[in-house]
Each structure stands twice: as C-alpha cells, then as structure tokens.
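Engineer: Generate coordinates for the sequence data below:
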Amino acid sequence: MDDTALMSQVDQLLAPYRTETGWAVEVEDIIELLKQDTPVLQRLDRLEEHASMAADYAKRARAKAQQLTRRADFARSVMQAILEAIPLKKLERPTYTASLVKAPQHAIPTDESQIPEEFWKRVLDGRKLLSALRQGPVDGAELSNQQMTLRIVRGRLSTDTIEPDTETTDE
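Structural biologist: Residues are numbered from 1 along each chain as shown. Got it, this is the predicted structure:
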C-alpha cells in the first residue's frame, strides 16, 4: 500500500468524526477507534519494526567497522615492523607495493599556556548556553520552539496504549 492510499484510509477512518469546529466526538472515542487493528496501525507496526531493525543493523555495522579498522591497523603495524626488521625500504609484490616513507610532521604542544591566541579556536559550549537560556535571556541567543519528535520504546506492553495529545487536540 502506498502512502497516498494509507493517508486516504486515515482520512476515511476519521472523516465521520470531524466538523468545521473540531471533533464531533470525544478524543477518547477516537482513541478507541484507533485501537482497532486497522491497516493504519498495521502499517505503523511495520514501520516501527523496520526502523528498529535498521537501527540495530547500523549499530552492528558501526561495531564491525571499528573491529575491521583495528584489524587493518594491526596488519599494517605488523607489515611495518617486518619491513623495518629486514630492513627493507620497499617491497614490490604482484598485488601491492609496500614502502617505508617518512610521515608528515605534526605539532606537539608542550606548554599550552605559552601558545599564542592566534592558534586557538573558540568553540561555543551549546549545553552551557542552553542551560543559561533556560534560566533567562542571553544576548545573541534564544531558545528554539519545541519541535515534535518520535520516541519509540522497544518492548511490548501487555495491552495497546494510545494517549491523546492534550496540547494539540481540537475541543
């Protein structure tokens, strides 16, 4: 079922209960209607299952990527140790060429208090700013409007629970 058909079913499901001024029935009645096993709820169940599986797969993929990176780093360090021990500066093989080259130099701070200001970056502490804004106004910043977000708690309750949105329902 495509999204247009799904939204059409949602509209058909709720249409008898809408009026020009809001809902013709109590919010609790609409909730009871939504508790029925409808195609809309079946679609939501499949979407949550898909989101859950994708999140789990991404978590496993990140862990696997870290494991493979450690394995590759270990293999490179062993290869470097062997080339240094032989000693070989360059080794040509049918599928690769390995060579020991000088790495680029990098800065090593020995006393950060003596490093001039021009070499420092200022970074905004967003958490501290948010905390201060919650206490009162701060020049140059303001609190955003709260946005709705979807939170999914994995696990199954003994019964379906649908709670009304008391802040946005028309009554």
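Engineer: hey, let's count contacts and neighbours off CA atoms from now on
Structural biologist: Noted.
Engineer: and the most centrally placed residue in the chain, what element?
Structural biologist: For the chain, the residue nearest the mean C-alpha position is A55 (8.7 Å; C-alpha atoms, centre = their mean). Secondary structure assignment for A55, by DSSP states H and E: helix 39-85.
Engineer: low-scoring stretches of this structure, by residue?
Structural biologist: Scanning the chain for pLDDT under 70 picks out 1, 3, 23-25, 27, 29-31, 33-35, 155-171.
Engineer: residue boundaries of the strands in it?
Structural biologist: For the chain, strands defined by DSSP state E occupy the ranges 18-19, 22-23, 90-92, 97-99.
Engineer: out of those strands, nearest to E118?
Structural biologist: The closest of the strands of the chain to E118 is strand 97-99. By C-alpha to C-alpha, the value is 37.4 Å.
Engineer: Turn the strands of the chain into CSV, including distance to R62 and mean neighbour count.
Structural biologist: As requested, the strands of the chain are arranged in CSV below (distance: least, C-alpha to C-alpha, whole Å; neighbours: other C-alpha atoms under 10 Å):
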stretch, distance to R62, mean neighbour count
strand 18-19, 47, 12
strand 22-23, 47, 14
strand 90-92, 33, 11
strand 97-99, 28, 13
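Engineer: Out of those strands, flag the one nearest Q147.
Structural biologist: strand 22-23 (22.7 Å).
Engineer: thinking again about what came up before, of the strands of the chain, which approaches Q146 most closely?
Structural biologist: It's strand 22-23; of these, that one is closest to Q146 (C-alpha to C-alpha) at 23.8 Å.
Engineer: that older thread, redo the strands of the chain as TSV? Include distance to E142.
Structural biologist: Compiled in TSV, the strands of the chain are given as follows (distance: least, C-alpha to C-alpha, whole Å):
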stretch	distance to E142
strand 18-19	37
strand 22-23	33
strand 90-92	59
strand 97-99	55
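Engineer: how long is stretch 91-100 end to end?
Structural biologist: Stretch 91-100 has its terminal residues 9 Å apart, counting by C-alpha to C-alpha, to the nearest Å.
Engineer: wait, stretch 132-149
Structural biologist: 23 Å.
Engineer: Identify the residues contacting it?
Structural biologist: With contact meaning C-alpha atoms under 8 Å, 6 or more residues apart in numbering, stretch 132-149 is reached by L130.
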